[in-house]
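In: got a structure for you, letters missing:
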């Protein structure tokens, strides 16, 4: 464990701010962005999203130009089995195919229709 005042390892922080859901999603239970993604501090001034941190811990660096997308369509989820890499175009297509865009209501944000029970 790090000395007092030092940040704990990323895997420790992810594990201790999570809840496993019946759907298999591992949901972040810490600070969340306005769009519903988990956020962690990195270094002294940086931040990263929980799903991106989980990807890097499990699979290594995210190649330049790629995004980490959710198969489960749950922005709180950081289960590596629910994540995949894609381009911004892939992300836009995935969003459109799932009926989720800025002109549509996102079911994760409270309609009660979420297939993951959120």
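Out: Perfect, thanks for sending it. Everything quoted here is computed from the prediction, not taken from an experiment. Numbers count the residues shown, from 1 in each chain.

In: confidence score at residue 41?
Out: At residue 41, the predicted lDDT confidence score is 87.

In: what's the answer for residue 37, then?
Out: Among the per-residue scores, residue 37 shows a pLDDT of 94.

In: contact partners for it?
Out: By C-beta atoms under 8 Å, 6 or more residues apart in numbering, the contact list for residue 37 reads 28, 49, 50, 51, 75, 76. To be clear about C-beta, it is placed using only N, CA and C from the backbone, and glycine gets the same treatment.

In: tell me which of those fall in helices.
Out: For those, the ones inside helices are 50, 51, with DSSP state H as the criterion.

In: counting neighbours, which of the contacts of residue 37 comes out on top?
Out: residue 50 (28 neighbours; other C-beta atoms under 10 Å).

In: and the contacts of residue 37 as CSV, adding pLDDT?
Out: Supplementary listing: the contacts of residue 37 in CSV, determined by pLDDT from 0 to 100:
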residue, pLDDT
28, 94
49, 94
50, 94
51, 95
75, 93
76, 95
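
In: and which of the contacts of residue 37 is nearest residue 10?
Out: Proximity of the contacts of residue 37 to residue 10, judged by C-beta to C-beta, is greatest for residue 50, which lies at 9.7 Å.

In: who are the neighbours in contact with that closest one?
Out: Contact partners of residue 50, counting by C-beta under 8 Å, 6+ apart, are 14, 28, 30, 37, 38, 39, 40, 76, 78.

In: middle-most residue in the protein, spatially?
Out: Centrality entry for the chain: nearest residue to the mean C-alpha point is residue 51, 3.1 Å, by C-alpha atoms, centre = their mean.

In: about what we covered before: any chance of the contacts of residue 37 in JSON lines with distance to residue 8 as columns?
Out: Putting these into JSON lines (distance: C-beta to C-beta, whole Å) gives the following:
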{"residue": "28", "distance to residue 8": "15"}
{"residue": "49", "distance to residue 8": "18"}
{"residue": "50", "distance to residue 8": "15"}
{"residue": "51", "distance to residue 8": "19"}
{"residue": "75", "distance to residue 8": "24"}
{"residue": "76", "distance to residue 8": "20"}
